[in-house]
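**Q** Have a look; sequence and predicted model below, questions after that.
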Amino acid sequence: MKNYIKLIRAKHWLKNGLIFLPIFFSLNMLNTTYLEKGIIGFFIFSFISSIVYVINDMKDIEKDKLHPIKKNRPLASGKVKVTEAKIIIGLLCIFAVSLMSLLYIKENNIFIFIIPFCYLFLNILYSNGLKNVPIIDVVILVSGFVFRVMYGGVIVNVEVSKYLYLMIIFGSFYLGFGKRRNEMMKNGEKSRKVLERYNESFLDKNMYVSLALAVVSYTLWCVDPTTISRIGNDYLFWTIPLLMIILQLYSLDIEGNSHGDPIEVLLGDKKLLITAIIYVIVMGGILYL
């Protein structure tokens, strides 16, 4: 069972917490109806993203066997058979479609099906070659984060701020370029074909340009009159320094010994994790108290 959980990368389901952002920032986190839909949406994207992870691992078995870290993955190490992986993909498909159907009955919005399938389709293209195309590989990674936030808005019929979308887009580019940079630094250009087209200088520059734009977008969202009017105060301004501390801690990690995966970085640094939790608590207090 442990190897199956590792295969579907349940730990990476944390990324699907982005689905709750529209609910959280629209002041509906305590609304049980919204929360129920958010939880269903969370598991839909969790199952769909796990399908993507398993398909990608199946495609890369031989390559992963030569990688210092990826060789320990269930398929590359032989702890899970390819036949078993295919069965797991089938079960995940059934679970995801069943939950989408349930959510569609509640919300009657065709995008409940369209967004997850677009995410799945793009990532299948990624696994079948687009991951070797520079920039496009990172764009697809970014689209995954955007789809999650978009889905959170769709399932509860909440409009997401354009500034918030920009923050997610630029922040995701920062994470994506940071991941590529660390793959290059730790394992060399040969560890991933697309890295032969990148260089450290390019990745460094674009990482921090993206980071700056993410902070600017977040700042604009905090001081936007529409945001202030909706939440009833202008205290969000004071979360900007806290966000900066989180980003600085994250940058310190990926400039160090990390391999650049966002979830691994977050869970591997207690200071970063605690600061992120403090941010959520402070933000929750500003929005809901």
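**A** That came through fine.

**Q** going forward, measure contacts and count neighbours with C-alpha atoms only.
**A** Noted.

**Q** any low-confidence regions in the stretch 51-200 of the chain?
**A** 188-191 (pLDDT under 70).

**Q** Run through the helices of the stretch 51-200 of the chain in chain order.
**A** With helices called from DSSP state H, counting those that start in this stretch, the stretch 51-200 of the chain shows them at 61-64, 74-77, 82-107, 111-127, 136-156, 162-187, 200-223.

**Q** With mean neighbour count and distance to Ile23 added, can I get those in a markdown table?
**A** A markdown table is the format used below for the helices of the stretch 51-200 of the chain (neighbours: other CA atoms under 10 Å; distance: least, CA to CA, whole Å):
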| stretch | mean neighbour count | distance to Ile23 |
| --- | --- | --- |
| helix 61-64 | 16 | 38 |
| helix 74-77 | 21 | 35 |
| helix 82-107 | 16 | 15 |
| helix 111-127 | 18 | 16 |
| helix 136-156 | 21 | 7 |
| helix 162-187 | 22 | 13 |
| helix 200-223 | 18 | 16 |
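
**Q** With distance to Ile254 as extra columns, can I get the ones you listed in a markdown table?
**A** What follows is the helices of the stretch 51-200 of the chain, written out as a markdown table (distance: least, CA to CA, whole Å):
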| stretch | distance to Ile254 |
| --- | --- |
| helix 61-64 | 22 |
| helix 74-77 | 26 |
| helix 82-107 | 32 |
| helix 111-127 | 24 |
| helix 136-156 | 17 |
| helix 162-187 | 7 |
| helix 200-223 | 11 |
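
**Q** Tell me which of those helices approaches Pro22 most closely.
**A** The closest of the helices of the stretch 51-200 of the chain to Pro22 is helix 136-156. By CA to CA, the value is 5.4 Å.

**Q** Show the contacting residues for the closest residue to Asn72 other than its chain neighbours.
**A** Closest residue in space to Asn72, ignoring its immediate chain neighbours: Lys65 at 7.8 Å, by CA to CA, 6 or more residues apart in numbering. By CA atoms under 8 Å, 6 or more residues apart in numbering, the contact set of Lys65 is Lys71, Asn72, Ala76, Ser77.
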